[in-house]
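**Student:** Provided below are the primary sequence and the corresponding predicted coordinates.
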Amino acid sequence: RLVGLLRRHRMNVVNVHRSESLVLFAAAARLASRLDKRKIQVVRRRGGQRVIRKHFINPWIYGKLCDRIIASCDAIRENLLKRLYVRTEHVRTLRQGIDEAHFTPERRGTDPRPGFGCKAGHQTVALIGRIDPIKGHKDFLEAAGLALKKFREADFLVLTYTTEWSALERVAEKLGIGKN
């Protein structure tokens, strides 16, 4: 079915975000490429904090099944190059495109930080994302605790869409940063 979908829609690129489906999509793209006598590129995007294991199969998966690997930051790119021994030109960094000027208070007209309990004159650092161990909320809070030892005029926000705050609140209280 997947091969048929790739062929029917004449797809040129398969962008695989999760490793669980990489081998399946790569195999389907290779088969569809052979049947149509054209190349369907397989791109694997890496954006999470999980470190790739030095498993013997991973260099083959990332180096041979993928035509290109896109990392969301240089640290992830360097980790891929170091752990998988893939060619340098095989891995590209594509940063998240955020126009910071668009989010300045002058442009928006109002500063939203007081609505989140942030103090005037403080720097604000925020983590936005669902609560999931892979998103690094605990690491964020630990980093906030370290930062607040040197820079007391800072506020740290976790913006998410959950009602399950208890675990994060316990970590923040343990670190003594509940007020920031």
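**Tutor:** Here it is on my side, so go on. Worth saying up front: this structure is predicted, and the values here are computed from it rather than measured.
**Student:** the strands in this structure, which residues?
**Tutor:** Ranges of strands in the chain, per DSSP state E, are 13-16, 41-46, 68-71, 91-93, 123-128, 154-159.
**Student:** between strand 123-128 and the last one, find me the angle.
**Tutor:** Between strand 154-159 and strand 123-128, the angle formed by their directions is 20 degrees, by axes from the mean of the first three to the mean of the last three Cα atoms, to 10 degrees.
**Student:** for the residue nearest to I52 when sequence neighbours are not counted, give me the pLDDT.
**Tutor:** Counting by Cβ to Cβ, 6 or more residues apart in numbering, R83 is the residue found nearest to I52 once chain neighbours are left out, at 5.3 Å. The C-beta positions use only the backbone N, C-alpha and C, and glycine is treated the same way. At R83, the predicted lDDT confidence score is 84.
**Student:** ok so, going back, TSV please, covering the strands of the chain and showing distance to P114 and mean pLDDT.
**Tutor:** Below are the strands of the chain laid out as TSV (distance: least, Cβ to Cβ, whole Å; pLDDT from 0 to 100):
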stretch	distance to P114	mean pLDDT
strand 13-16	40	90
strand 41-46	36	91
strand 68-71	36	92
strand 91-93	36	91
strand 123-128	10	85
strand 154-159	10	86
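**Student:** just to revisit the earlier point, my guess is the residue nearest to I52 contacts R46. True?
**Tutor:** No: using Cβ atoms under 8 Å, R83 is not in contact with R46, being 11.2 Å away.
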